[in-house]
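# Test case, fold it:
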Amino acid sequence: IVALVLLMSIRLALEAAGRITGPIGRLASAAQSVRDGNLDVRVPLPGSKDEVRALTRSFNVMTEQLGAQRSALVTAREEAEDRRLFLETLLAEVSAGVIRIDESFFVTLANPSAQKLLEVESELEGRHLSDVAPAFLPFSEEAMAPGQPIDASLDLRAASGARHFRLKAARDSTGGLVLTFDDATRLVNAQRQLAWRDVARRIAHEIRNPLTPIQLSAERIRRRYTKYIPEGDPVFERCTDTILRQVSDIGRMVEEFSGFARMPKPTLESFDLAKLLDETGFSQQVVSPDLTVEVPHTRKPLIISGDERLLGQAIGNIVKNAAEAIERLPQATETSGVIEIRTEESEDWIAIVIEDNGPGFPEEARDRLLEPYVTTREKGTGLGLAIVNRIIVDHGGSIQLQGREERGRGARVRVTLPVH
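Predicted structure coming up:
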C-alpha cells in the first residue's frame, strides 16, 4: 500500500510538473527562434488558465508587435533608400549647382553640376567654401548669421569668361547651409538683346523719317544756288558734300539698326562646316592679299545642323574684324598679318577658333564688346559682334572673346556650336 501510494504521488508530481515545464520549454524554444530572427513563431496556449497561460499569451503578443515593428522599419528603410537614390539621381542630373556647407563653411555635399559650373577640377567635398567659390562666402555668412534666406545675383570671372550667377542660400535642419546656384548668363544676355533690339527699332524709326527730306533739300540747294556761288569759293560745295555724306552714313547706320532689330530666326539644315570655313578663309584672302589666312583643319566634312547663311555671315564678320584689326596696326610694325581658322571637335560640340596677331581685345572692354553699341573703333556702330553673338546664341552655342597671351600679341575668338 505504501509503495502504491508513493508511486501514485510520483505520478501525480510528474504530471503536475509536466503541465508547467512543457509550456516553459516551448516558450524557451520560441525565444531561441526569436533570437535567431524568426518573429513569426507562435506558442500554443496551454489548457490550464494559470500564470503560464498568461505568460504564453504575452509572449505571442510581443512577437506579433516585434514583427509589425520590424516590417514597419524595413518599409521605412526601403522608402528612405528610394528617396536617397532619387535625390542622388536628381542632384546628379539637375543643371543647377547644389552645395551643402556646415557651420564652419566646409563643403559636405556637392553635385557634379556645382563642380562643372565653378570650373573646379578636384572634388569639392571637404574643402572650405573660400577655396572653391570665394564669391559665395559673403552671402553665405550673411545667410548663416540671422538665418534668413538669401537670393542674390553676382557676376563671376571664370576661365571661360564673365558669367552671371543666380545664388540662393538657406539654412537646413542641421545648422548648415544649402547653396543652389545656376548660370544665368544666357538668360541675361537674351534679355539685354531683346531690350537693345527694341531700342534699335525705335532709333531706326525716329531717324529714318527726316533723312530723306534732309538729303533732298541739300541736293536742291546745290542745284539751285551753285550758279550764284563764285568759282573760287569752295565752301558751299564742301558743305553740301558734307551734308550728303553724313546723311548717307546715318542712313547706313539706320539700316544696321533695322537689321539688328529684325534678326531672322535660323532655318536649321545639315551642312558641311568645313566647306564653309574654307570658303570664308578664301574670300578674306582675296579681299586682303597682304594677309595670310590659314585654315588648318582636316579636310573631312564637319556636318552640323544650322543656318548656313547666318553662320557664314557670323564667321565672316569675325574674320573681317580680325583683318581690319591687323590693318590698323602702326606702319612701323613689321610683323606680317596672319589669321588662323581652326576647329576643335567633341562628341556633341564643334568649336571654331579664329586667331589673329593684331592688337587684340582691350582687357577692360572685352566682356562688353558682345553688347550692342559697344565698340573700340572710331567709326564703328558696335552692332557687328552683337549680331554675331545673336546668331550664335540662336543656334544654341556660345562665343568667347579671349587674348593670345601664350602666343604673343593678338586676339582669339572661340565659337562653340552644337552638332545637333
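
# residue boundaries of the strands in the stretch 101-250 of the chain?
Taking DSSP state E, counting those that start in this stretch, the strands of the stretch 101-250 of the chain run over residues 107-110, 150-158, 161-171, 177-183.

# For S398, which of those strands is the nearest?
Ranking those by their distance to S398 (criterion: CB to CB) puts strand 161-171 first, at 8.7 Å. In this view, the C-beta of every residue, glycine as well, is placed from N, C-alpha and C.

# elements contacting the closest one?
Helices and strands touching strand 161-171, by 3 or more CB pairs under 8 Å, 6 or more residues apart in numbering; DSSP states H and E, are helix 137-144, strand 150-158, strand 177-183, helix 185-225, strand 398-403.

# at 7 Å instead, please
Strand 161-171 is packed against helix 137-144, strand 150-158, strand 177-183, helix 185-225, with contacts defined by 3 or more CB pairs under 7 Å, 6 or more residues apart in numbering; DSSP states H and E.

# Need the strands of the stretch 101-250 of the chain in JSON lines (columns: mean pLDDT, mean neighbour count and distance to A72).
Shown next, in JSON lines, are these (pLDDT from 0 to 100; neighbours: other CB atoms under 10 Å; distance: least, CB to CB, whole Å):
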{"stretch": "strand 107-110", "mean pLDDT": "86", "mean neighbour count": "18", "distance to A72": "28"}
{"stretch": "strand 150-158", "mean pLDDT": "77", "mean neighbour count": "14", "distance to A72": "39"}
{"stretch": "strand 161-171", "mean pLDDT": "80", "mean neighbour count": "18", "distance to A72": "31"}
{"stretch": "strand 177-183", "mean pLDDT": "86", "mean neighbour count": "21", "distance to A72": "30"}
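
# Minimum distance to L276: which of the helices and strands packed on strand 161-171 has it?
Among the helices and strands packed on strand 161-171, helix 185-225 sits nearest to L276 (CB to CB), with 24.1 Å.

# by contact count, what packs against the closest one?
Secondary elements touching helix 185-225 (3+ CB pairs under 7 Å, 6+ apart): strand 161-171, helix 235-261, helix 384-394.

# where's it relative to the chain centroid, distance-wise?
36 Å (CA atoms, centre = their mean, to the nearest Å).

# right, so the helices and strands packed on helix 185-225: which one is the most enclosed?
helix 384-394 (a mean of 22; mean count of other CB atoms under 10 Å).

# Let me know the helix or strand that the closest residue to G358 other than its chain neighbours is in.
In space, and not counting its chain neighbours, G358 is closest to A325: 3.7 Å by CB to CB, 6 or more residues apart in numbering. If you go by DSSP states H and E, A325 is part of helix 308-327.

# what residue ranges in the stretch 151-300 of the chain score low on pLDDT?
Within the stretch 151-300 of the chain, the segments meeting pLDDT under 70 span 158-162, 232, 260-263, 297-299.

# The stretch 1-150 of the chain too?
Using pLDDT under 70, the flagged stretches of the stretch 1-150 of the chain are 16-20, 47-48, 147.

# Show me where it has its helices.
Ranges of helices in the stretch 1-150 of the chain, per DSSP state H, counting those that start in this stretch, are 2-35, 51-93, 112-118, 129-132, 137-144.

# Any idea which of the ones you listed gets closest to L277?
Using CB to CB, these put helix 112-118 closest to L277, at 28.9 Å.

# Which residues does the closest one contact?
Residues outside helix 112-118 that contact it (CB atoms under 7 Å, 6 or more residues apart in numbering) are A92, V94, S95, A96, G97, V98, I99, L124, V132, A133, F181, D183.

# Turn these into a markdown table, including distance to G259.
Output for the contacts of helix 112-118, formatted as a markdown table (distance: CB to CB, whole Å):
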| residue | distance to G259 |
| --- | --- |
| A92 | 44 |
| V94 | 39 |
| S95 | 33 |
| A96 | 36 |
| G97 | 38 |
| V98 | 42 |
| I99 | 44 |
| L124 | 45 |
| V132 | 44 |
| A133 | 41 |
| F181 | 36 |
| D183 | 29 |
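
# Give me the buried entries from these.
Among the contacts of helix 112-118, the ones that count as buried by 16 or more other CB atoms under 10 Å are G97, V98, I99, L124, V132, A133, F181, D183.

# Was I right to think the fifth one contacts V120?
Yes - checked against CB atoms under 7 Å, the pair V132 and V120 is within contact range at 5.5 Å.

# Which among the helices of the stretch 1-150 of the chain is found nearest to G312?
Smallest distance to G312 across the helices of the stretch 1-150 of the chain (CB to CB): 31.7 Å, for helix 112-118.

# buried ones in stretch 133-145?
The neighbour-count check on stretch 133-145 (16+ other CB under 10 Å) flags A133, A135, F136, L137, F139, S140, A143, M144 as buried.

# does the third one really touch L179, like I thought?
Yes - between F136 and L179 there is a contact at 6.1 Å, judged by CB under 7 Å.

# closest one to R192 among the helices and strands packed on helix 185-225?
Distance to R192, taken as CB to CB, is lowest for helix 384-394 among the helices and strands packed on helix 185-225, at 9.4 Å.

# And that closest one, how far out from the chain middle?
19 Å.

# Mind checking the pLDDT average for that helix?
For helix 384-394, the mean pLDDT works out to 83.

# Only C-alpha atoms, please: export it in CSV.
Only the C-alpha atoms of helix 384-394 are listed here, as CSV (Å, rounded to 0.1, in the frame of the first residue of the first chain):
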residue,chain,number,x,y,z
GLY,A,384,28.8,93.7,-85.7
LEU,A,385,29.7,91.5,-82.8
ALA,A,386,26.3,91.9,-81.3
ILE,A,387,24.7,90.4,-84.4
VAL,A,388,27.3,87.7,-84.4
ASN,A,389,26.5,86.9,-80.7
ARG,A,390,22.8,86.8,-81.5
ILE,A,391,23.3,84.4,-84.4
ILE,A,392,25.5,82.1,-82.3
VAL,A,393,23.0,82.2,-79.3
ASP,A,394,20.1,81.4,-81.6
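
# Many thanks, we can stop here.
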